[in-house]
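# just need the structure, nothing else, for what follows:
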Amino acid sequence: MTLGIGALGTLLAASGLYTLAVCVVARRFRRLSRHEALPEITQSLGVSILIPLEGTEPTLFENLSAYCELDYRGPVQLVVGSLDADDQALTTVRHVAKRHPGADLHLVEGATILGPNRKASLLAALSGHARHPIIAAIDSDVRVTRDYLLRMLPVLLRPGVGLVSCLYRAPAPNTLARAYEALCINADFCPSVILASVLGRPDIALGASIVLRRETLDQVGGFAALVEHLADDHRLGALVHARGQRVVLAPYVVESDPNPANLAAAFRHQMRWARTLRACAPWGYIGSIVTHTTSVALCTLILASFLPGALVLLALAVLVLRFVAAVVGARALGARVGWTLPLLPFRDLAGTAIWCASFAGNRIEWRGRSYRIGSEGRLRDTAHLAPPTTVSTVRERLLSVVVPAHDEALNLDRLVEEVRRTLDAADLPWEIVIVDDGSVDETPQVLPRLAADDSRVRWLRLPTRSGQTAALVAGFRTASGSLIATLDADLQCPPRELPTLLAALGDADLACGVRIGRQDPWQRRLVSAVTNLMRRCILAPRLRDLACPLRVFRVDALGRVEAMTPLFDGFHRWLPALFVLAQLRVVQRPVTHEPRLAGVSKYTATGRAGPIAREAMHMLEIILRRRRGFRIVANAARLSLP
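Below you'll find the predicted structure:
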């Protein structure tokens, strides 16, 4: 008991000293940043500002316009681009160029992905277009003032300095999620960075805004040397420091708006930060428990009846000091805590919970993609290295449309014609693989004729009826494309929806349809609703229509599913759930559903009950064997819904 009280008292005292130190250094930084005179820049060095984009930002136009209005005598080049040539943010860049016709703005549309860190890959591409000896890399959500370069360049030009970055503040929040992020940045993270800098940490580089010489960047291997690391800013600072050059924080603050969509997105962002810090500096991260002042003080107060009165009074003093440090730290950045101050205890408790949870795994979410962090902050999961697959960028790939068919002779001509018309209009390279599942109608005679008319039509025949699973697997093995689409030969899910799913696929692994306004008999709709509910309860609550036959997915992603489990009989009805279980990303989009115009449905409710029960048991077996049941709900949260 005495040992426990002593440990708690030591931790509380350390937290109090840390918080007091934050107050002192934050006030010092505020004085320095507000009153330091701007030194005159005698050299008018050219500066190339690199701004990587991925999706539009609410204030992107204003952010980019600020770089066109900088107070700087030397030449300034803006190099702005995205990995995706169809990124909507590029339209905003064009509007900025029209508004500022005198600006030297170079637009990069599309780039090669060199590794899992997409930002570093894009910066490597942008730097190839930079013409000037000074490189500034700035996030797209950052807003600078007109004196940005006048503040940053004098620090870079000091003897021995190789890289300069600066602190950032979050703008005044107007939602609960933004209030949480603002407290994390203004009242916790940045004040702690100021203290670390004062204590002499030599490699602090904050990726919101980094400035360095082109020569220095080339010496460390360029931005391409960072593509395997999540914390590209930390890695760049470490590489520059390792070459004997100083990494410095300028007494300047930019504004960065993370703009989380909701609290869940804000928590995922903080979890990414936490696990990144743990991977980059594991022992330092463990020691950061002293920064969780509120949690330590509240823990002491909860145990007050078992503790000496002096310790309880110290806890109250430390708790008050935490509020003071939050206000002082935010003011040092030029921000105000305002109405968010009463939320500080909840933010701090959530921060402690995230700190604890960060030790429970090494998986993170970053811009909708899942990664695994290895040692030194390396990104180990390479499932998402493929560039975004929109309708425009997929043109360089072959799409294989796999269609199982049993006694569907009356639908085949219309099927091929609709696929041809849809995909030719979208200018997509394609083939269609029709698998005759032991048909006894005219299908064996129709298929050779269709193949003779168009070389892109391929077919194969199973000698006896083997079922939809066997037909699909045979089609998958025959397909030549790197992307596979599936649909039924009855045309109830029309081929004209394929471009919708291809555009939705993006950098996900599977895009599947959700049938809207189903045209099936009520008995079939009822059984389908019950079985869908069962599948969702077992695996993925947010998957709305697991059995929709209209899907588009990557062949390599299917390989990961097969590495997890053989493609058992009936797997096609569980395919989206299997992708989720394999830690792959699934997106859903609504698709139309039409009545069957020809042929006879092979569906019977009584004949479906037994197979579905067996499939459910097989899925449960997979879950238990892999011992991942506790992850399933979390994985399902990654599903992107319209």
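# show me what counts as buried in the top helix by length along the chain.
Counting residues, the longest helix found in the chain (DSSP state H) is helix 2-35. Residues of helix 2-35 classed as buried by neighbour count (16 or more other Cβ atoms under 10 Å): 8-9, 11-12, 14-16, 18-19, 21-23, 25-26, 29-30, 33. Placement of C-beta: from N, CA and C, glycine included.
# show me what it is packed against.
helix 190-198, strand 246-256, helix 293-302, helix 309-332 (3 or more Cβ pairs under 8 Å, 6 or more residues apart in numbering; DSSP states H and E).
# immediately after it, which helix or strand?
Sequence order places strand 47-53 as the next helix or strand after helix 2-35, per DSSP states H and E.
# what are the pairing partners of that next one, and which direction each?
strand 76-82 (parallel), strand 134-138 (parallel) (DSSP bridges).
# any chance of a markdown table for those, columns mean pLDDT and mean neighbour count?
Listed next are the strands paired with strand 47-53 as a markdown table, based on pLDDT from 0 to 100; neighbours: other Cβ atoms under 10 Å:
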| stretch | mean pLDDT | mean neighbour count |
| --- | --- | --- |
| strand 76-82 | 93 | 24 |
| strand 134-138 | 94 | 25 |
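# which of these sits closest to Ala304?
Minimum separation from Ala304 across the strands paired with strand 47-53 (Cβ to Cβ) falls at strand 134-138, 48.5 Å.
# any idea how far the helix or strand following that closest one is from the chain center?
Downstream of strand 134-138, the next assigned helix or strand under DSSP H and E is strand 142-143. Relative to its parent chain, strand 142-143 has a centroid offset of 20 Å by Cα atoms, centre = their mean, to the nearest Å.
# for strand 142-143, name the packing helices and strands.
helix 60-67, strand 246-256.
# in its sheet, what does that strand sit against?
Applying DSSP bridges, strand 142-143 is found paired with strand 246-256 (antiparallel).
# pLDDT score for the closest residue to Leu239 other than its chain neighbours?
Among residues not flanking Leu239 along the chain, Val220 sits closest, at 4.0 Å (Cβ to Cβ, 6 or more residues apart in numbering). At Val220, the model reports a pLDDT of 88.
# from Val555, how far off is the residue nearest to Leu578 when sequence neighbours are not counted?
Leaving aside its chain neighbours, Leu578 sits nearest to Val561 (5.0 Å; criterion: Cβ to Cβ, 6+ apart). According to Cβ to Cβ, to the nearest Å, Val561 and Val555 sit 11 Å apart.
# okay, the two: which has more neighbours?
A direct count of neighbours by other Cβ atoms under 10 Å for Val561 and Val555 places Val561 higher, at 20 against 15.
# so where's this protein shaky on pLDDT?
For the chain, the stretches with pLDDT under 70 are 1, 3-4, 35-43, 367-369, 375-376, 380-397, 517-544, 565-572, 599-642.
# next, count neighbours for Arg214.
17.
# list the contacts of Val193.
Val193 is in contact with Leu167, Ile204, Leu206, Leu249, counting by Cβ atoms under 8 Å, 6 or more residues apart in numbering.
# same check on Glu417?
If a contact means Cβ under 8 Å, 6+ apart, then Glu417 has no contacts.
# for it, phi and psi?
Here is the backbone geometry of Glu417 (degrees, to the nearest 10): phi -60, psi -40.
# run the chain-centre distance for the longest helix of the chain.
Relative to the centre of its chain, helix 2-35 is centred 34 Å away, using Cα atoms, centre = their mean.
# now stretch 47-67
Computed by Cα atoms, centre = their mean, the chain-centroid distance of stretch 47-67 equals 19 Å.
# kindly check the end-to-end length of it for me.
11 Å (Cα to Cα, to the nearest Å).
# and Leu83, how far from Pro463?
Distance, Leu83 to Pro463, using Cβ to Cβ: 47 Å.
# what does Gly287 give?
69 Å.
# higher neighbour count, the two?
The residue with more neighbours, out of Gly287 and Pro463, is Gly287; 11 against 7, by other Cβ under 10 Å.
# hang on, the more buried one in a helix?
Yes - secondary structure of Gly287 (DSSP: H, G, I helix; E, B strand; the rest coil): part of a helix.
# who touches Leu316 in this structure?
Taking Cβ under 8 Å, 6+ apart, one finds Ala297, Leu301 in contact with Leu316.
# redo that, cut-off 6 Å
Counting by Cβ atoms under 6 Å, 6 or more residues apart in numbering, Leu316 touches no other residue.
# what about Trp283, neighbour count?
Number of residues near Trp283 (other Cβ under 10 Å) recorded here: 8.
# which SS class is it?
Assignment for Trp283 (three-state DSSP): helix.
# before we move on, which element is Pro404 in?
Here Pro404, judged by DSSP H and E, is contained in strand 399-405.
# all helices for the stretch 151-300 of the chain, in order.
Remark: helices assigned in the stretch 151-300 of the chain by DSSP state H, counting those that start in this stretch are 176-184, 190-198, 214-219, 232-242, 263-280, 282-287, 293-302.
# reformat those as CSV; add distance to Pro133.
Shown next, in CSV, are the helices of the stretch 151-300 of the chain (distance: least, Cβ to Cβ, whole Å):
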stretch, distance to Pro133
helix 176-184, 35
helix 190-198, 26
helix 214-219, 5
helix 232-242, 16
helix 263-280, 30
helix 282-287, 35
helix 293-302, 44
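# nearest to Lys119, out of those helices?
Proximity to Lys119 (Cβ to Cβ) singles out helix 232-242 among those, at 6.3 Å.
# no further queries at this time; thank you.
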